[in-house]
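Engineer: Give the three-dimensional model of this entry:
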Amino acid sequence: MKAHVIVRLNFPSERRLKIVLDALQPETKTPPSFRSRVKVEGVGTTLTLSFEASDTSALRAALNSYLRWINIVNDSCLVLDSIRKEQIENT
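Structural biologist: Numbers count the residues shown, from 1 in each chain. Predicted coordinates:
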């Protein structure tokens, strides 16, 4: 592998980190491309993504995919939290 990058993201809670880790597990077990691989780790509230790829294009594609998936999961959690809060306030 020629290109690599490590990304660390902090989450507001260990619960949120676990949700993101669980959502990413299927992607790490079956990578979308043979040109890249990703190692995903969570400690405390920090997610660490270690990317390795055969070239910078593959690295960029893998990085963009994972960041997009993380963003979708995080946005979904925010919406669900908002709905729960509204339900509690209305009871």
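Engineer: When you work out contacts or count neighbours from here on, use the C-alpha atoms and nothing else.
Structural biologist: Fine.
Engineer: Would you mind listing the buried residues in the helix with the most length in the chain?
Structural biologist: For the chain, the longest helix by residue count, based on DSSP state H, is helix 56-89. Judged by neighbour count (16 or more other C-alpha atoms under 10 Å), helix 56-89 contains these buried residues: Ala58, Leu59, Arg60, Ala62, Leu63, Tyr66, Ile70, Val73, Asn74.
Engineer: next one: it to chain centre, how far?
Structural biologist: What separates the centre of helix 56-89 from the centre of its chain is 8 Å, taken as C-alpha atoms, centre = their mean, to the nearest Å.
Engineer: Kindly provide the whole-number mean pLDDT of that helix.
Structural biologist: What helix 56-89 shows for mean pLDDT is 94.
Engineer: Show me what it packs onto, helices and strands only.
Structural biologist: strand 3-10, helix 14-29, strand 36-43, strand 46-53 (3 or more C-alpha pairs under 8 Å, 6 or more residues apart in numbering; DSSP states H and E).
Engineer: Pull up the pairing partners for the last one, direction included.
Structural biologist: It refers to strand 46-53. Strand 46-53 has its sheet partners listed here by DSSP bridges as strand 3-10 (antiparallel), strand 36-43 (antiparallel).
Engineer: Among those, which comes closest to Arg84?
Structural biologist: Closest of these to Arg84 is strand 3-10, at 23.1 Å (criterion: C-alpha to C-alpha).
Engineer: CA atoms only: put that closest one into CSV for me.
Structural biologist: Output of strand 3-10 as CSV, limited to C-alpha atoms (Å, rounded to 0.1, in the frame of the first residue of the first chain):
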residue,chain,number,x,y,z
ALA,A,3,-1.0,5.9,0.5
HIS,A,4,-2.2,6.1,4.1
VAL,A,5,-3.9,8.5,6.5
ILE,A,6,-5.1,8.3,10.1
VAL,A,7,-8.3,10.2,11.1
ARG,A,8,-9.4,10.7,14.7
LEU,A,9,-12.9,11.9,15.4
ASN,A,10,-14.4,12.8,18.8
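Engineer: Compare the helices and strands packed on helix 56-89 and give me the one nearest Glu86.
Structural biologist: Closest to Glu86 of the helices and strands packed on helix 56-89, according to C-alpha to C-alpha: helix 14-29, at 19.4 Å.
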